[in-house]
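1. Here is a sequence with its predicted model. Questions after.
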Amino acid sequence: MTMLEADEAMTKAVEHAIHEFATVRTGKANPTLVENMDVHVMSYGSHMKLKQLAMITTPDARLIRIEPFDPSTLQDIDRAIRESRLGLNGSIEGKVIRLPIPSLSQERREQMVKMCKTLGEDARVRVRSARRDALEAIKKGEKDGSITEDDLHRMEKEIQTMTDKKIAEIDQHVVSKEKEILTV
């Protein structure tokens, strides 16, 4: 694993965490909450992202409006929302699903914060795993004689700096999301 590959793996871990944070409810309607939800469409016989199946809008701060491009997918979308971990129940009105976002109780907010912290820790583990792989690769390179001992120490410091930077970035996102969840 080269330095570039390590950086790429760490960046992917951070991006994945950001994506996961976007799916956590905060009490405000936001299309990112549902747009990447997998929907099994019976008539198509395949899984698709909700944003590929419908237009998602937020007419106000407490409501998400989902209007499928193909009305035959309405029941599949409704089922996917009910089976998701969001804990939301939509109502079908004609060719549209209205998804009210209830305000979160303090207990539910605390659960969401815990979930965010868990997601953050998972991302940190991925970053540390990329660091471990990179360190093993450069130590192997030093044993093979392809890099010098000085290069080994320099690269170890660079990898550690890169790891610290990515973990700080994850921590910043966790704090930001926690603040967003706890804001009433």
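-> Okay, I see it.
2. So which residue of the protein lies furthest out from the middle?
-> For the chain, the largest distance from the centre (CA atoms, centre = their mean) belongs to Gly145, which lies 40.4 Å off.
3. remind me, longest helix of the protein?
-> Of all segments of type helix in the chain, defined using DSSP state H, the longest is helix 106-144.
4. Compute the inter-axis angle for the helix or strand following that one and helix 106-144.
-> Later in the chain than helix 106-144, the nearest helix or strand by DSSP states H and E is helix 149-182. Here helix 149-182 points in a direction 170 degrees away from that of helix 106-144 (axes from the mean of the first three to the mean of the last three CA atoms, to 10 degrees).
5. Which neighbouring elements make contact with helix 149-182?
-> If you count contacts as 3 or more CB pairs under 8 Å, 6 or more residues apart in numbering; DSSP states H and E, helix 149-182 packs onto helix 3-22, helix 106-144. (Glycine included, C-beta is placed from N, CA and C.)
6. center of this protein, which residue is that?
-> For the chain, the residue nearest the mean C-alpha position is Glu20 (1.6 Å; CA atoms, centre = their mean).
7. Which residues are in contact with that one?
-> Leu119, Ala123 (CB atoms under 8 Å, 6 or more residues apart in numbering).
8. So for it, what's the pLDDT?
-> For Glu20, the model assigns a pLDDT of 86.
9. Check Lys117 too.
-> For Lys117, pLDDT reads 93.
10. Please apply the same query to the one 5 residues further on.
-> Note for Asp122: predicted pLDDT of 94.
11. Give me the spatial nearest neighbour of it, chain neighbours excluded.
-> Ala17 (7.4 Å; CB to CB, 6 or more residues apart in numbering).
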